[in-house]
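In: how does the following fold in three dimensions:
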Amino acid sequence: MGVFSLILVNLFRNKRRTILTLLSVTVALFLFCALSGVIDTLNEAIHVGSETRMVVRNHMSLVFPIPLAMEQQLAAMPEVKSVAIQNWFGGQDPVNPHNFFPQFGVESETFFPMYAPDLDIIEASQPQGGVRAPDGMDPKLAAYMAEQDAAVVGSELMAKQGWKLGQTVTLNGTIYPGSWPFTIRAVYRSKVKAFNSQVFFFHYKYLYEKSEHQSQAGIYKVLLRDPSQAAEFARKVDAQYENSANPTHTETERAFAAGFISMYGNLPFVIRVIGLAVVFAILLIAANTMVMAVRERTSEVGVLKTLGFTDAMIFGMVLAEAAAITFTGGLIGALGAKKMVTGFSLGGLLPPMTVRWNTVWTGVVIAVLIGAVSGFIPAWQASRLRIVNALRRVD
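Out: Okay, the predicted model is just below:
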């Protein structure tokens, strides 16, 4: 019987213990890679967004609006190609109030042409009476543009909610009280990570005419003619409104996304601590398993040494046994996290979850290190065991 065969026999000597240890490592590495995926996603979110599109908001906070009169002033600036209002709605699903998804009232005439490079309209209602979409807009949005209470919904949100094109859905207003019916007239699919497919868009005019906030906008999205003018444009706008009743903060869409992520605080540090704590706990479990396994085979180690197995061979066998368990469990857990977590939505405000391949391989390496560390002491003890002392422990 060769060394490899002996390792296999020892692995399956106590199948229940081996399987439970392997599953423990699998779950631990799955959690480690999934938590690391959250960090990967936050890092991705920092780098999404356009450098050509700018965001103009209230200097104090996103919760404070800015005047509608500002739109014409921004549109008149020579650096600006187009301006679009975007307002957070904050409605609730009446069926399940805890079912969160983002909803925005947008100035559709300029918003959708501005984001044409980032999305595809994959499904749309047919317009009635030969109505056409405005110039510069996807012709498929004709039916949406013809109805004040129409909505454009992301494909992932449609699948999640089980909605159909042409269906009327009702949201309960929170910021804007009341019952708000919407008819889904188009479905989009994002082409870039900066544009999530779980967002609910509708006409800002609908919000404007039905609410009491008729002189306010949430933020302005501004499309520049030349992205190299972004820094100068931001300084120019903020200086213009610096001493007004509504001072502004202007930044690129990418910087806006990075600022939004900073609101999560030191979440990555907390996640890393939790991940390392899980790994350390599994290290102790694996080490205990290997100590028990070697202790049960003390007399067999003596027999193997009597048959000519060297200390190095014994050391390598025990270490390989530990590494085989942790490597297999780690590989299953890391690949499982990559398969199951990637693409999972964090609610629509962030890009879909991402588990990078370097995170997967880091998890596998950690699993191997767990095996090496947990098996080192039992392997060293077994290799240093004298034949006489080993054979003395006969069950």
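
In: residue nearest the centroid of this structure?
Out: The centroid of the chain falls nearest to Met353 when counting by C-alpha atoms, centre = their mean (2.7 Å).

In: name the SS class of it, please.
Out: Judged by DSSP: H, G, I helix; E, B strand; the rest coil, the three-state class of Met353 is coil.

In: surely it and Ser36 touch.
Out: No: Met353 lies out of contact with Ser36 (C-beta atoms under 8 Å); the separation is 10.8 Å. Any C-beta I mention is one placed from the backbone N, CA and C, and that applies to glycine too.

In: just the buried positions in the helix or strand containing Val365, please.
Out: Val365 belongs to helix 357-384 when assigned by DSSP states H and E. Neighbour counts over helix 357-384 (16 or more other C-beta atoms under 10 Å) mark 359-360, 362-364, 366-368, 370-371, 374-376, 378-379, 381-383 as buried.

In: do the same with stretch 87-94
Out: Those buried within stretch 87-94 under the rule 16+ other C-beta under 10 Å are Asn87, Phe89, Gly91, Gln92.

In: pretty sure the last one is touching Ile175, no?
Out: No: between Gln92 and Ile175 there is no contact, the gap being 10.6 Å when judged by C-beta under 8 Å.

In: hang on, the earlier thing: overlap in contacts, Met353 and Ser36.
Out: Between them, Met353 and Ser36 share no contacting residue under C-beta atoms under 8 Å, 6 or more residues apart in numbering.

In: tell me how far the residue lying closest to Gln126 once chain neighbours are set aside lies from Pro134.
Out: What sits nearest to Gln126 in space, not counting adjacent residues and going by C-beta to C-beta, 6 or more residues apart in numbering, is Ala143, at 6.3 Å. When distance is defined by C-beta to C-beta, to the nearest Å, Ala143 is 13 Å away from Pro134.

In: so between those two, which is more surrounded?
Out: Legend: neighbour count by other C-beta atoms under 10 Å for Ala143 and Pro134, higher for Ala143 (20 against 14).

In: secondary structure element for that one, which one?
Out: Ala143 belongs to helix 142-146, assigned by DSSP H and E.

In: ok, now Ser82?
Out: strand 80-88.

In: could I get the pLDDT score of Glu107?
Out: Confidence at Glu107, expressed as pLDDT, is 94.

In: doesn't Tyr204 make contact with it?
Out: Yes: if you go by C-beta under 8 Å, Glu107 and Tyr204 touch, sitting 5.0 Å apart.

In: what touches both of the two?
Out: Ile85, Gln86.

In: below-threshold pLDDT in the stretch 201-350 of the chain: ranges please.
Out: For the stretch 201-350 of the chain, the stretches flagged by pLDDT under 70 are 212-215, 258-268, 292-305, 307, 343-350.

In: those strands in it, which residues are they?
Out: 216-217, 219-224, 248-252 (DSSP state E, counting those that start in this stretch).

In: what helices and strands are in contact with the longest one?
Out: Okay, so that is strand 219-224. strand 53-58, helix 70-75, strand 80-88, helix 108-114, helix 230-240 (3 or more C-beta pairs under 8 Å, 6 or more residues apart in numbering; DSSP states H and E).

In: likewise for the last one?
Out: Packing partners of strand 248-252 (3+ C-beta pairs under 8 Å, 6+ apart): strand 53-58, helix 230-240.

In: figure out which of the ones you listed is closest to Ser155.
Out: Taking C-beta to C-beta, strand 53-58 is the member of the helices and strands packed on strand 248-252 nearest to Ser155, at 22.2 Å.

In: so for Val278, which of the helices and strands packed on strand 219-224 sits nearest?
Out: Comparing the helices and strands packed on strand 219-224 by C-beta to C-beta, strand 80-88 comes nearest, at 35.9 Å.

In: partner strands of the closest one, parallel or antiparallel?
Out: Strand 80-88 has these partner strands in its sheet, going by DSSP bridges: strand 103-106 (antiparallel), strand 219-224 (antiparallel).

In: could you dump it to PDB, C-alpha only?
Out: Only the C-alpha atoms of strand 80-88 are listed here, as PDB (Å, rounded to 0.1, in the frame of the first residue of the first chain):
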ATOM      1  CA  VAL A  80     -23.800  71.900 -20.500                       C
ATOM      2  CA  LYS A  81     -25.300  69.600 -23.100                       C
ATOM      3  CA  SER A  82     -28.500  68.700 -21.200                       C
ATOM      4  CA  VAL A  83     -30.000  68.700 -17.600                       C
ATOM      5  CA  ALA A  84     -32.400  66.200 -16.000                       C
ATOM      6  CA  ILE A  85     -34.200  66.300 -12.700                       C
ATOM      7  CA  GLN A  86     -34.000  63.200 -10.600                       C
ATOM      8  CA  ASN A  87     -36.100  62.900  -7.400                       C
ATOM      9  CA  TRP A  88     -36.100  60.100  -4.900                       C
END
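
In: so what touches it?
Out: Residues contacting strand 80-88 (C-beta under 8 Å, 6+ apart): 62, 68, 71, 74-75, 102-107, 110-111, 113-114, 175, 204, 207, 217-225, 233.

In: so that strand versus helix 230-240, what angle?
Out: Here strand 80-88 runs at an angle of 70 degrees relative to helix 230-240 (axes from the mean of the first three to the mean of the last three C-alpha atoms, to 10 degrees).

In: quick one: strand 80-88 to strand 53-58, angle?
Out: Inter-element angle recorded for strand 80-88 and strand 53-58: 50 degrees (by the same axes, to 10 degrees).

In: for strand 80-88, buried residues please.
Out: Under the neighbour-count criterion of 16+ other C-beta under 10 Å, strand 80-88 has Val80, Ser82, Val83, Ala84, Ile85, Gln86, Asn87 buried.
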